[in-house]
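Enquirer: Predicted model, plus sequence, below.
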Amino acid sequence: MKFPKDFLFGAASASYQVEGAWNEDGKGVTNWDIFSKIPGKTFEGTNGDVAVDHYHRYKEDVRLMAEMGLESYRFSISWARIIPDGDGEINEKGIEFYNNLIDECLKYGIVPFVTLYHWDLPLPLEEDGSWTNKRTTNAFAKYAEVCFKAFGDRVKHWITFNETIVFCTLGYLNGAHPPGLVNAHKEYFQATHNVFLAHALAVKKYKELKQYGEIGITHVFSPAFSVDGQEDNLFAANHANYYQTYWYYDPILKGEYPQYVLDALQKKGLTPDWTEEELRMLKDTAGLNDFMGLNYYQPARVEKIQGTAKSVEISRDNSTGRPGNPSFDGVYKTVMMEDKVYTKWGWEISAEGFLDGLRMIKERYGDVKLYITENGLGDEDPVIEDEIMDVPRIKYIEEHLKAVKTAIGEGINLKGYYAWSVIDLLSWLNGYKKQYGFIYVDHKNNLARKKKLSFHWYKHIIETRGEEL
Ligand code: BG6
């Protein structure tokens, strides 16, 4: 079987992780420009000031993407390039950069798939309460509208937010992302609600503009499975799915929060401040959402914590996705299992978990249109006689694309796959050590680009539309 004709083979990046040019052409300062420079916050003090210089080298990068046969490029817009202070004046130079990038993609027939928010927030908003303040929600709606009007004639695929769970968990519970708060439970839930609301406002605006494209959101997809058949562990896995998946997907796809979580929040005094009007807004826009983007790297293997374990303060080192952390409410923890396979960074490799998770999504949300907006292997790529022989990455993507194919065969409505990442880039917490790209960047040689083995492999997969998978 070949992948259907309207299925997009793509790859992804994010502004802060690739662009660099952090203070050029009128761009405002962002939360990450500051946070990454606080000692101890990032791996070996790395930051995105230069990143892989995509801002200046986008033409070369897009040409390489075209050579690879890429059908679609998912990238994010840096809000602070468009509106430097978050909700004030528009910076024409920022508009110009993304116009150029979009046009460059279109020149080669590459479909731009644009994320509006991949974690870099203009500093004045960050300093005014970040996502706990509805000022940020309203500012986002304005920024989204500016982008729709500037780019919507050519961009027909929009993602409002990337992985709300990650920037909220790491920002308000673990202290590993800005604003760097720890165990701020109330703020955490408030921030998630304000993001869902911002998403709803943007979706509503987009539909009003009648640009006839599609809009959705991207969430982490980390389905939870019990480590065994014991009742308390099964309970823990269900509990984890409510907090880690349904809390994030339900307000978008069903227009309401899961009652199971709402009841617990009420008991604990953690219910976000919201109005009836806001809740109605979620309800009214749920049907307008066109798709759900899923970023899948690994499932969660879950075990119940016995006794009265309390949530603990989590450092940057155990905020990098490796299992072993307790949930914020002390109910369960994620664990590594002996019979599973893990990457060098301790992330489980499981295409089966991917497929089972997709079935779970279909069961709960029906026929919703899905894109895999990220999936890939973080590795230290082997270099043999000057060639980047990233065979493990090929294997990883191959297994996961096979799962996608099976899912499509089962009637799951999957319309595209975006490997993370198109090019080696800056990992928020792992620096440049953890590579994901099809294109290698030589940090010892003026950031020169080089094609990896996976580049040629992915090109072949796209050319043959995955027939051999
Ligand atoms: C996703 C993010 O969570 O995972 C990306 O959307 C990120 O921005 C990717 O780079 C991989 O994470 P890490 O920690 O391995 O670099």
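Expert: Received the coordinates, thanks.

Enquirer: In terms of pLDDT, where does the closest residue to the ligand within the stretch 301-450 of the chain sit?
Expert: Proximity to the ligand, evaluated over the stretch 301-450 of the chain using C-beta to the nearest ligand atom, is greatest for S427 at 3.0 Å. From N, CA and C alone the C-beta is placed, and that goes for glycine too. Note on S427: pLDDT of 97.

Enquirer: try the one 4 residues further on
Expert: Per-residue confidence for G431 comes out at a pLDDT of 95.

Enquirer: That one - how many residues pack around it?
Expert: 14 (other C-beta atoms under 10 Å).

Enquirer: all strands of the stretch 301-450 of the chain, in order?
Expert: Secondary structure of the stretch 301-450 of the chain, counting by DSSP state E, counting those that start in this stretch: strands at 332-334, 370-374, 383-384, 387-388, 414-420, 439-442, 448-451.

Enquirer: where's the residue of the stretch 301-450 of the chain closest to the ligand relative to W345, distance?
Expert: The spacing between S427 and W345, counted by C-beta to C-beta, to the nearest Å, is 9 Å.

Enquirer: Name the residues contacting each of the two.
Expert: G378, K434 (C-beta atoms under 8 Å, 6 or more residues apart in numbering).

Enquirer: Close to the ligand: what parts of the stretch 101-250 of the chain are there?
Expert: N162, E163, V166 (C-beta under 6 Å from any ligand atom).

Enquirer: Please flag which of those sit within strands.
Expert: N162 (DSSP state E).

Enquirer: Adding pLDDT, write the residues of the stretch 101-250 of the chain next to the ligand out as a markdown table.
Expert: Converted to a markdown table, these look like this (pLDDT from 0 to 100):
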| residue | pLDDT |
| --- | --- |
| N162 | 98 |
| E163 | 98 |
| V166 | 97 |
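
Enquirer: Can you name the residues bridging to the residue of the stretch 301-450 of the chain closest to the ligand?
Expert: G431 (DSSP bridges).

Enquirer: Confirm for me that it is in contact with D379.
Expert: No: look at S427 against D379 with C-beta atoms under 8 Å: they stay out of range, at 11.5 Å.

Enquirer: Show the contacting residues for the closest residue to A286 other than its chain neighbours.
Expert: Leaving out its chain neighbours, the residue that sits closest to A286 by C-beta to C-beta, 6 or more residues apart in numbering is G255, at 3.1 Å. Neighbour list for G255: L282, K283, D284, T285, A286, G287 [criterion: C-beta under 8 Å, 6+ apart].

Enquirer: Now list the buried members of those residues.
Expert: Buried members of these, scored by 16 or more other C-beta atoms under 10 Å, are L282, T285, A286.

Enquirer: Off-centre distance for the helix or strand harbouring D284?
Expert: Per DSSP states H and E: D284 is located in helix 276-286. Distance of helix 276-286 from the chain centroid (C-alpha atoms, centre = their mean, to the nearest Å) equals 24 Å.

Enquirer: In contact with the closest residue to the ligand within the stretch 1-150 of the chain, which residues?
Expert: Nearest to the ligand in the stretch 1-150 of the chain, going by C-beta to the nearest ligand atom, is A14, at a distance of 5.0 Å. Taking C-beta under 8 Å, 6+ apart, we find A14 in contact with F75, S76, T115, H118, W119, N162, L425.

Enquirer: Just those residues: which are in helices?
Expert: Judged by DSSP state H, those include no members of helices.

Enquirer: Let me know the closest of the residues you listed to F9.
Expert: F75 (15.8 Å; C-beta to C-beta).

Enquirer: doesn't Y16 make contact with the closest one?
Expert: No: applying C-beta under 8 Å as the test, F75 and Y16 come out as separate, 11.3 Å apart.

Enquirer: Flag the shaky bits of this protein, pLDDT-wise.
Expert: Scanning the chain for pLDDT under 70 picks out the ranges 308-317.

Enquirer: So in the chain, which helix runs the longest?
Expert: The chain, longest helix under DSSP H: helix 185-209.

Enquirer: Distance from it to the middle of the chain?
Expert: Worked out by C-alpha atoms, centre = their mean, helix 185-209 lies 16 Å from the chain centre.

Enquirer: Alright, calling it a day.
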